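A.B. asks: please work out how this folds:
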Amino acid sequence: MKDKLFEWIDRLAASPHPGWWLFALAFAESSFFPVPPDVLLITLGVATPEHAIGYAAICTLGSVLGGGLGYGIGLFGGRPLLYRLFNATRIGAVERLYDRYNAWATGIAGLTPIPYKVFTIAGGSFKINFRVFMAASLASRGLRFFAEGVLLFLFGRPIRDFLYTQFNWLSIAFVVLLIGGFAVLHRMGIRARGAARAAEGGRDDENPSLPGPG
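C.D. replies: Next up, the predicted model:
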């Protein structure tokens, strides 16, 4: 299966208009197709590193628009469709992420190997804010594909195996560090606000208001 997949990707890359195939693959993968567009993006970037960043832009555009289609499928198809396409365990995990993080869940899926289509369809099914959903999709998918494009532009073929084997792990590490950083900042903000309220309460105790006449 893996050999057939790479043969198919090689044929797309050698076609007269590989950019259109990349757009179509990225669009389809965000809503229903199982093959990630990274495979074709890396193949094209290795063949023509000078065009790698342009291909990253095409891939991002196709993926974000395809995510919008996935959102629409979830919005109008509802949860019954979601349960027909994916198992209940995965749906439950996605729902918990959306309940806790909202748009961050879309961003996490856009950066990591988690199947993006699950989140796009779930986003519509759970009726999260569409503008926020699209903004999170653009930010996360753009960061992922442009990171690959820049690496291919700078290093070409030598970076190919690294992208195939290690990039997903680096994406996961980046998300963990990002969430951890925001969690620390959030905790620091809570403590700072608590300290400020305590200080204000202390000043009130030191300077009690004078009783009124009579």
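A.B. asks: can you give me the helices in this protein?
C.D. replies: Using DSSP state H, the helices of the chain run over residues 2-13, 18-29, 38-47, 52-85, 88-101, 103-111, 116-125, 130-155, 160-206.
A.B. asks: where does this structure have low pLDDT?
C.D. replies: Flagging of the chain using pLDDT under 70 yields the residue ranges 1-3, 102-103, 112-113, 159-214.
A.B. asks: again, only this time at 80
C.D. replies: When the per-residue scores of the chain are filtered using pLDDT under 80, the ranges that remain are 1-6, 34, 77-79, 81-87, 90-115, 118, 156-214.
A.B. asks: report the central residue of it.
C.D. replies: Taking Cα atoms, centre = their mean as the criterion, G110 is the residue nearest the geometric centre of the chain, at 1.9 Å.
A.B. asks: that one contacts R141, doesn't it?
C.D. replies: Yes. G110 is in contact with R141 according to Cβ atoms under 8 Å; the separation is 4.6 Å. Just so you know, the C-beta spots here come from the backbone N, C-alpha and C atoms, and that holds for glycine as well.
A.B. asks: common neighbours of those two, please.
C.D. replies: Common neighbours of G110 and R141, counting by Cβ atoms under 8 Å, 6 or more residues apart in numbering, are S63, Y116.
A.B. asks: how close does I73 sit to G124?
C.D. replies: From I73 over to G124 the distance is 6 Å, taken as Cβ to Cβ, to the nearest Å.
A.B. asks: neighbour count for the two, which is higher?
C.D. replies: Neighbours were counted for I73 and for G124 using other Cβ atoms under 10 Å; G124 has more, 24 against 20.
A.B. asks: next up, the contacts around the more buried one.
C.D. replies: G70, Y71, G72, I73, G74, L75, F76, G77.
A.B. asks: tell me how many other residues crowd the second one.
C.D. replies: The local packing of Y71 (other Cβ under 10 Å) involves 26 other residues.
A.B. asks: surely it and K117 touch.
C.D. replies: No. Taking contact to mean Cβ under 8 Å, the distance of 10.6 Å between Y71 and K117 leaves them out of contact.
A.B. asks: circling back to that earlier point, which of the contacts of G124 sits closest to G149?
C.D. replies: The closest of those to G149 turns out to be G70 (Cβ to Cβ; 22.9 Å).
A.B. asks: not counting its neighbours along the chain, what's nearest that closest one?
C.D. replies: With sequence-adjacent residues excluded and distances taken as Cβ to Cβ, 6 or more residues apart in numbering, G70 is closest to T120, at 2.8 Å.
A.B. asks: how about S140?
C.D. replies: Taking Cβ to Cβ, 6+ apart as the measure, S140 lies nearest to G110, with 2.7 Å between them; neighbours along the chain are not counted.
A.B. asks: give the contact list for the one you found.
C.D. replies: Neighbour list for G110: S63, Y116, F119, A136, S137, A139, S140, R141, L143, R144 [criterion: Cβ under 8 Å, 6+ apart].
A.B. asks: ok, the second one touching V64?
C.D. replies: No. In this structure Y116 lies outside contact range of V64 using Cβ under 8 Å: 10.4 Å.
A.B. asks: those two: which is more packed in?
C.D. replies: Neighbour tally, Y116 and V64, criterion other Cβ under 10 Å: the higher count belongs to Y116, 27 against 23.
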